[in-house]
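K.L.:
I'd like to go over a predicted model; first the sequence, then the structure.
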Amino acid sequence: MSAGTAGAERLARAALTGIVEPGDETGGRWLRAHGPVELMRRLAAGAPGPDEVLTGASEKRLAGYRNRASAVDPARLLAAAEAVGGRLVCPGDEEWPSQLDDLGDARPVGLWVRGAPNLRMWALRSVAVVGARACTPYGAHMAATLGAGLAERGWVVVSGAAYGIDGAAHRGVLGAGGATVAVLACGVDVDYPRGHAELISRIAEQGLLLSELPPGSHPTPSRFVLRNRVIAALTRGTVVVEAEYRSGSLVTARGAQRLGRFSMGVPGPVTSGLSAGVHELLRGEAVLVTDAAEIVELVGEIGDLAPARRGPVLPRDLLDPASARVLEALPGRTSADTRSVAREAGTTGDEALARLYELHSLGFVERHGDRWQLAPRAARGVPPRRGGA
C-alpha cells in the first residue's frame, strides 16, 4: 500500500467515525465489502449509479448517512485530535489491538487515542473493572483496592471514567502509580462527566483515553451502552463490582462472555439492590473474585496462582495427632487424673502421661498434684507461652 493510499484510507476512516455510529453493523458490512475510501465516495455521491447503491438500509437511513457525510471534515478532526495530543489508530496499524476484530462487523471503524503509551501493548495485559455509578462506600473501596492491586501486579485496568465504580477503579490505579485506560462515550477532547475533568486529565497524562467518536462528540445514552462492547473485547476479562439488575456493567460482562473472555463478579450484601445484578451474574457463568490475586489467577499465565485461603494457624494445629487427642481429653474447666485422660483419649496410661508432660513443656497444661488441667491461656484459646506454667 502506497503512502498516498494509506493517507486516503486514514482520512476516510476519520470521516467515517463521524458518520457511522459505534456498533453499527450495517456500516460495518459496507466497510468490509467496499473499504473505507470507496464507502466514503458512495456516501458522498449525490446520485450514485445503479452499481454503487448501498444495500441493507432504508432510504431514510441512507439520507441520514449522506447528510453526515456532507458535513464531516476529516482533516479538521485529525487536527483537533493532534491539538490535545491524540491520534487515530486504524485496523491494520501496528498499534491496533487485534482482539477488537472479534467484534466482527461491529468492530470500531477506528479508535481516537489520547496519551503516549502503545494501545496494543497495553491491551495485551488488561482487565476491565466496571460497576454502578451510584455505588456504595463498600463498592468504591473494593474498586479502588482491586485497581491498586492489579496495578501492583503489572496489569492495565480499563474502565469508563464514569462516576462511582469506574472512577474509583481509575483512582486506585493512579494512586498506585499504575496503568489505566478510559474508554469514553464522547470525544477524547471532551471532559465527561464534568466532575471528572481532573481525573480524565490525569488519565490522559499517565494512561490512555479511547473513543470511537471523533473529537468534539458528546455522549448519548446509546453510546454509553455501545462503548461497553469495546471494553469487553479489549480486555482479557471483566470484573463487575456493583450493579443492579438493569445495568450497563452487566452488558459489558455478558459481552465478555460471548467473546470468550472471563466474566467475574465481586459479591456484596444480599440485601443490597446494588449487588443484585452481580449475584445474578454469579449464578451464571461468572466467577466470584474478592481480590486482585484471584483475578490474576483467572486471567493470567500458568503459575499466577492466588495464595491459599485459610484461617490463622493456631498452636494446637501444630501438635501431632496423639498429643492433640490427649489435649482434647482434658475437661475445659476442671482437672482430671492421668487414668481419666487416657480413657478419654483412647490410649494407655503411660502414653497419656508422656503426652501430658510434652504438653506441659509447651505451656498447654498444668499439673496440680496427681491431676492435670488446661493452662489458663490455653483454656481461653490464647497461644500458650513456651515452657509451661
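P.N.:
Arrived safely.
K.L.:
so what's Glu244 closest to, chain neighbours aside?
P.N.:
Once flanking residues are discounted, Glu244 sits nearest to Gly277: 5.0 Å by C-beta to C-beta, 6 or more residues apart in numbering. Every C-beta, even on glycine, is put in place using the N, C-alpha and C of the backbone.
K.L.:
for stretch 213-222, list the C-alpha coordinates in PDB.
P.N.:
Output of stretch 213-222 as PDB, limited to C-alpha atoms (Å, rounded to 0.1, in the frame of the first residue of the first chain):
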ATOM      1  CA  LEU A 213     -16.300   9.000  18.300                       C
ATOM      2  CA  PRO A 214     -14.300  11.900  16.800                       C
ATOM      3  CA  PRO A 215     -13.100  14.900  18.700                       C
ATOM      4  CA  GLY A 216     -15.900  17.200  19.800                       C
ATOM      5  CA  SER A 217     -18.500  14.400  20.100                       C
ATOM      6  CA  HIS A 218     -20.800  14.400  23.100                       C
ATOM      7  CA  PRO A 219     -22.300  11.400  24.800                       C
ATOM      8  CA  THR A 220     -25.800   9.900  24.400                       C
ATOM      9  CA  PRO A 221     -27.400   7.000  26.300                       C
ATOM     10  CA  SER A 222     -26.900   4.600  23.400                       C
END
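K.L.:
thinking again about what came up before, tell me the secondary structure at the residue nearest to Glu244.
P.N.:
Put simply, Gly277 is helix when judged by DSSP: H, G, I helix; E, B strand; the rest coil.
K.L.:
low-confidence ranges, the stretch 51-200 of the chain, go.
P.N.:
Within the stretch 51-200 of the chain, the set of residues satisfying pLDDT under 70 comprises 51-52.
K.L.:
apply 80 and report the result again.
P.N.:
By pLDDT under 80, the low-scoring segments of the stretch 51-200 of the chain are 51-53, 56.
K.L.:
what number of residues lie near the closest residue to Trp96 other than its chain neighbours?
P.N.:
Excluding its sequence neighbours, the residue lying closest to Trp96 (C-beta to C-beta, 6+ apart) is Val89, at 5.6 Å. Number of residues near Val89 (other C-beta atoms under 10 Å) recorded here: 23.
K.L.:
likewise Ala324?
P.N.:
Neighbour number of Ala324 under other C-beta under 10 Å is 17.
K.L.:
now swap in the one 3 residues further on and tell me
P.N.:
For Leu327, the number of neighbouring residues by other C-beta under 10 Å comes to 21.
K.L.:
that's a helix at Thr347, yeah?
P.N.:
No: going by three-state DSSP, the assignment for Thr347 is coil, not a helix.
K.L.:
still on that earlier bit, how far away is the residue nearest to Trp96 from Thr17?
P.N.:
Taking C-beta to C-beta, to the nearest Å as the measure, Val89 falls 11 Å from Thr17.
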